[in-house]
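**Student:** okay, sequence plus prediction incoming.
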Amino acid sequence: MALPCPVLPACVNWASAGRFRFLARGWGGEGRTGQSLARAADLCYGTTSMYDNFKRDINYLRVSITDRCNLRCRYCVPKEGLSLIGHDDILRYEEILRIIRIAVTLGVVKIRITGGEPLVRRGVIPFVTAVKAVPGIQDLSLTTNGILLEKYAGELRDAGVCRLNISLDSLNGDKYSHITRGGSLTEVLRGIDAVYKHGFAPIKINMVAMKGFNDDEILAFARLTLDRPYQVRFIELMPLGHTGRDNLGKYLDGETIRMIIESSYPLLPVNGARERSDGPARVFRIDGGRGEIGFISPVSHHFCHLCNRLRLTADGHIRSCLFSEEEIDLKTPLRRGCSDGELEGLIREAIANKPRKHEIRLEDNYLRKCGKDMSAIGG
Ligand code: SAM
């Protein structure tokens, strides 16, 4: 039962209480103060936080709605032998919504829709609209390669998507087409323009920086932040699956990327970025620039202590760590007609089993830990 709160007005509704809990992390940080404030909000307003065994508040669910994609990025999808999930094995939208509703009762407040390429799945807009309508969801975002963004920008905005991450690895049309095995840079750039005009903010452009492929474009990407308020984020190539193994030689660490930028543009740290829901990115800006530059370094600087995520794969498995093979099957019980309580128990189990940290390292053997490609897990 909710207790009267001595600090906040009693009329605050559930959603604002959840927001308070979310902000508590901002005010109090990821340490004890943040947790205490989050717990205080739960106590006062009857909301829920799910803490794992390492005191991380698990409030973020990434939902892959398809493993299909309209691109074939070389470091994400194997050249041959890509096995796709059978149509019947992909969760139906109403099944995903049921899982999301249950996850929200356990404390999830942030949802990211991803894939594969989420915009290729039929009915994505009504689905996203339905997710947004789930009481308790405070932050709905989507990750896309941008190819279909020009078409969907307005509808996504109307559906209530707050934030977009767009993956883009080259600003050179030929190179873009090469890395994506046939994608059109023009379409992505038109898509980015469209979301800018529709007023999305922030617009995050994610570039996986790779040695000998696009490291000569790092400055050009950084310069995108001079005139427009984009957040360009440089992401380390992760050693996932076969493609990771094949592309190992292209790995570039975040520190090297930062030094390349700083050789031309000194970077100023942006304070409070994490609380603004920038997740694990370390965020900077170029003096006078309108946008920001982020570094996500899961390999060289793992951020497992901050990890607040669960993933739902397109075939209905909950995965609590990107780099762990451990998954819990929700689809089988769900289709057997199980109760919400059973599903809740399975989600709790995934949270309880969330590893303290991933084991990938740059030394030998670390690849054995992550057999699946990103396309199969959901990015
Ligand atoms: N289709 C959407 C897109 O392109 O953004 C969502 C799915 S995609 C798998 C999500 C993200 O994963 C993309 O930004 C992609 O660059 C990234 N990704 C895939 N494989 C990766 C790897 N081995 N290392 C780092 N990032 C990877």
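**Tutor:** The structure has been received and is ready for your questions.
**Student:** now do the same contact list for the closest residue to residue 247 other than its chain neighbours.
**Tutor:** Taking Cβ to Cβ, 6 or more residues apart in numbering as the measure, residue 247 lies nearest to residue 75, with 4.6 Å between them; neighbours along the chain are not counted. Using the backbone N, CA and C atoms, a C-beta is placed for each residue, glycine as well. With contact set as Cβ atoms under 8 Å, 6 or more residues apart in numbering, residue 75 has these partners: 179, 208, 210, 237, 243-244, 246-247, 250.
**Student:** closest one of the residues you listed to residue 344?
**Tutor:** Each of these was scored against residue 344 by Cβ to Cβ, and residue 244 proved nearest at 33.7 Å.
**Student:** which element is that closest one on?
**Tutor:** Under the criterion DSSP states H and E, the helix or strand holding residue 244 is helix 241-246.
**Student:** next structured bit after that helix?
**Tutor:** Helix 241-246 is succeeded, C-terminally, by helix 254-262 (DSSP H and E).
**Student:** show me what that next one is packed against.
**Tutor:** For helix 254-262, the elements it packs on are helix 218-227, strand 231-236, strand 292-296, judged by 3 or more Cβ pairs under 8 Å, 6 or more residues apart in numbering; DSSP states H and E.
**Student:** contact partners of it?
**Tutor:** When contacts are defined by Cβ under 8 Å, 6+ apart, helix 254-262 is touched by residues 209, 215, 218-219, 222, 234, 236, 267, 282, 284, 293, 295-297, 300-301.
**Student:** on that earlier part again, phi first, then psi, for the residue nearest to residue 247.
**Tutor:** When read as degrees, to the nearest 10, the backbone of residue 75 gives phi -90, psi 0.
**Student:** what residues are up against the residue of the chain at minimum distance from the ligand?
**Tutor:** At 2.2 Å from the ligand, residue 379 is the closest residue in the chain, using Cβ to the nearest ligand atom. Taking Cβ under 8 Å, 6+ apart as the criterion, residue 379 is in contact with 64, 76, 114-115, 143, 167.
**Student:** for residue 110, same thing?
**Tutor:** Under the criterion of Cβ under 8 Å, 6+ apart, the neighbours of residue 110 are 59-61, 137-141, 277.
**Student:** just give me the closest of these to residue 154.
**Tutor:** Proximity of those to residue 154, judged by Cβ to Cβ, is greatest for residue 140, which lies at 16.1 Å.
**Student:** so that closest one, which of the three states?
**Tutor:** Reducing the assignment at residue 140 to three states with DSSP: H, G, I helix; E, B strand; the rest coil gives strand.
**Student:** quick check: it touching residue 132?
**Tutor:** Yes - taking contact to mean Cβ atoms under 8 Å, the distance of 5.2 Å between residue 140 and residue 132 places them in contact.
**Student:** quick check: neighbours shared by these two?
**Tutor:** Shared between the contact lists of residue 140 and residue 132 (criterion: Cβ under 8 Å, 6+ apart) are residues 160-161.
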